[in-house]
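Asker: need coordinates for the below:
(chains A and B)
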Amino acid sequence: NAGVTQTPKFQVLKTGQSMTLQCAQDMNHEYMSWYRQDPGMGLRLIHYSVGAGITDQGEVPNGYNVSRSTTEDFPLRLLSAAPSQTSVYFCASSLSWGPYYEQYFGPGTRLTVT
Amino acid sequence: AQTVTQSQPEMSVQEAETVTLSCTYDTSENNYYLFWYKQPPSRQMILVIRQEAYKQQNATENRFSVNFQKAAKSFSLKISDSQLGDTAMYFCAFEETSGSRLTFGEGTQLTVNP
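Answerer: Numbers count the residues shown, from 1 in each chain, chains lettered A, B, ... in the order given. Sure thing, here's the model as predicted:
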């Protein structure tokens, strides 16, 4: 198993550009989520999904869109990038939702918006 | 809303010694889980240990153990026989039993010196 994979590893965008951060898992996990990590603030939940076709907002959803058309993939879309979205983005997945199930994190994507 | 606080931004310890990282949290829930995650320079998030709030016995995983004080809402991590590979950012995290999201603290950067 490859686990949770994220592409790209690094990305530089100009303000106003759009892009999609890719996340995929091959463990048949129902639950997937996106976090952003900023210095001094820990990780904060952006969006999550408890299964294909079901998504919900986390703590900091503004400026981001998600969809979950398959169990394996959970892309994160930035429609119009802003410098405030400069961060490291982590995707995570678990067998099901709830703290009983361990969350597995991807390697992260470092995004810089200039 | 739940909050998690790590009051030690940085700590250092000599190899083979013991170090304790502090974490406090605030919640009105009675059933929840607490976690410690490790993030080495590779950026990969790794689950170190977790504690279920209804269990009175403190969790242990090899050299890692916790001191869980439910009434005080405190959840510290003790690392015994520190190794150079323990150098990392450590995050304390909280999740409700019925929830689907992790709430992270700000992190503590631990450096193990030879």
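Asker: how about the residues of chain B that lie near chain A?
Answerer: Contacts of chain B with chain A, taken as Cβ under 8 Å from any Cβ of the partner chain, map to B:4, B:9, B:32-33, B:35, B:42-47, B:50, B:91, B:95-107. For the C-beta atoms, the positions are set from N, CA and C on the backbone; glycine is no exception.
Asker: these, buried ones only, as a ChimeraX selection?
Answerer: If you want just the buried ones from the residues of chain B next to chain A in ChimeraX, going by 16 or more other Cβ atoms under 10 Å in any protein chain shown, the selection is:
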select /B:4,32,33,35,43,45,50,91,95,96,99,100,101,102,103,104,105,106,107
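Asker: just the ones of the residues of chain B next to chain A in strands?
Answerer: The members of those that map onto strands under DSSP state E are B:4, B:32-33, B:35, B:46-47, B:50, B:91, B:95-96, B:103-104.
Asker: mind checking the longest strand of chain A?
Answerer: As assigned by DSSP E, the longest strand anywhere in chain A is strand A:42-51.
Asker: partner strands of that strand, parallel or antiparallel?
Answerer: strand A:31-38 (antiparallel), strand A:54-57 (antiparallel) (DSSP bridges).
Asker: how about those in a markdown table, adding mean pLDDT?
Answerer: Written out in a markdown table, the entries for the strands paired with strand A:42-51 read as follows (pLDDT from 0 to 100):
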| stretch | mean pLDDT |
| --- | --- |
| strand A:31-38 | 96 |
| strand A:54-57 | 95 |
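Asker: reformat the ones you listed as JSON lines; add mean neighbour count.
Answerer: Shown next, in JSON lines, are the strands paired with strand A:42-51 (neighbours: other Cβ atoms under 10 Å in any protein chain shown):
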{"stretch": "strand A:31-38", "mean neighbour count": "24"}
{"stretch": "strand A:54-57", "mean neighbour count": "14"}
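Asker: could the ones you listed go into CSV alongside distance to residue A:81?
Answerer: Formatted as CSV, the entries for the strands paired with strand A:42-51 read as follows, by distance: least, Cβ to Cβ, whole Å:
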stretch, distance to residue A:81
strand A:31-38, 13
strand A:54-57, 19
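Asker: how close does the closest residue to residue B:111 other than its chain neighbours get to residue A:87?
Answerer: In space, not counting the residues next to it along the chain, residue B:111 is nearest to residue B:12; the distance is 4.5 Å by Cβ to Cβ, 6 or more residues apart in numbering or on different chains. Residue B:12 sits 27 Å away from residue A:87, taking Cβ to Cβ, to the nearest Å as the criterion.
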